[in-house]
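Novice: Generate a structure from the sequence data that follows.
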Amino acid sequence: MINKTRGSDLQPFSGLTPEVVLDAAAAFGLAPDGRLFALNSYENRVYQLGAGEGQLVLKFYRPRRWTDAQIVEEHQFTAELAAAELAVAAPLAIGGETLLRYREFRFAAFPWMRGRSPELDAPEARQILGRSVARLHQIGAVRPFAARPRIGIERLGWEARSQVLASELLPDALRERYVTVSGALLERVSEAFTAAAGVREIRLHGDCHLGNLLWNEHG
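Specialist: Have a look, this model is predicted:
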């Protein structure tokens, strides 16, 4: 449906206990002090490690969701943004690598960045956010992604619809209506993609919403 390799484990993080998280941190010299706090994350598992100065965030990637090359490419893009002085949390390189492995899990370590959700009612907040996104797009236009999937109507639209219809997730009472509505919607989206043909594709933040933005007194 999105970007998923073969596999059907319905509990991919069942073995990721707090002890395993702390052991993973210790294995790479991150000196855990036993304090661990689970953070909100829909797809992956994210933890705040430690407290006070030097605390970190560990992000454990969902198995079979992304390839190693796709994750590393995201890390490289984030490092480019950080080098251009954008306020992003770039993964730490440990032993020259940003994608770490412990047992069956892949994870990355990030510096802790304090903040809150932006208040978009304030004009100056919207201006700062707009400038930041514009700079992100400028840097993203320097070179294309090689491994990350592109945003397109086939993969995210028609193929996703086909997977829903082929699964047992859709109640029979809704199937006919789903076929009609989703088909009509995707036809409209296809028209929009056709109208935008020729527009240059760039690297960007594919999940840019308020839940993924942090704000502090510096913006």
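Novice: Can you list the strands that the longest strand anywhere in the chain pairs with?
Specialist: For the chain, the longest strand by residue count, based on DSSP state E, is strand 105-111. Partners of strand 105-111 in the sheet, by DSSP bridges, are strand 56-60 (antiparallel), strand 100-102 (antiparallel).
Novice: for whatever helix or strand comes next after the first one, packing partners?
Specialist: Spelled out, it's strand 56-60. As assigned by DSSP states H and E, the chain's next helix or strand after strand 56-60 is helix 68-83. On a contact count with 3 or more Cβ pairs under 8 Å, 6 or more residues apart in numbering; DSSP states H and E, helix 68-83 meets strand 105-111, helix 123-140. In this view, the C-beta of every residue, glycine as well, is placed from N, C-alpha and C.
Novice: thinking again about what came up before, out of the strands paired with strand 105-111, indicate the one that is most buried.
Specialist: strand 56-60 (a mean of 20; mean count of other Cβ atoms under 10 Å).
Novice: by how many degrees do that one and helix 68-83 diverge?
Specialist: 150 degrees (axes from the mean of the first three to the mean of the last three Cα atoms, to 10 degrees).
Novice: Would you format the strands paired with strand 105-111 as TSV with distance to Ser117 and mean pLDDT included?
Specialist: TSV is the format used below for those (distance: least, Cβ to Cβ, whole Å; pLDDT from 0 to 100):
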stretch	distance to Ser117	mean pLDDT
strand 56-60	17	97
strand 100-102	29	98
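Novice: Relative to Ala87, which of those is closest?
Specialist: Closest of those to Ala87 is strand 56-60, at 14.9 Å (criterion: Cβ to Cβ).
Novice: Contact partners for Arg45?
Specialist: 13, 16, 38, 59-60, 62 (Cβ atoms under 8 Å, 6 or more residues apart in numbering).
Novice: If you drop the residues flanking it in sequence, what lies closest to Tyr61?
Specialist: In this structure, Tyr61 finds its nearest non-sequential neighbour in Arg106, 4.8 Å apart by Cβ to Cβ, 6 or more residues apart in numbering.
Novice: Now do the contacts for that neighbour.
Specialist: Listed by Cβ under 8 Å, 6+ apart, the contact partners of Arg106 are 60-61, 63, 68, 71, 99-100.
Novice: Between these, which sits nearest Arg116?
Specialist: Phe60 (24.4 Å).
Novice: Ignoring the adjacent residues along the chain, who's closest to Phe37?
Specialist: Among residues not flanking Phe37 along the chain, Gln48 sits closest, at 4.2 Å (Cβ to Cβ, 6+ apart).
Novice: Report back the residue of this structure that's furthest from centre.
Specialist: No residue in the chain sits farther from the centre than Ala173, which is 33.9 Å out by Cα atoms, centre = their mean.
Novice: distance of that residue from Ser162?
Specialist: Ala173 sits 20 Å away from Ser162, going by Cβ to Cβ, to the nearest Å.
Novice: Can you check what pLDDT the model gives Gly140?
Specialist: Among the per-residue scores, Gly140 holds a pLDDT of 96.
Novice: That one against Cys208, yeah?
Specialist: No - assessed by Cβ atoms under 8 Å, Gly140 is found out of contact with Cys208, at 11.6 Å.
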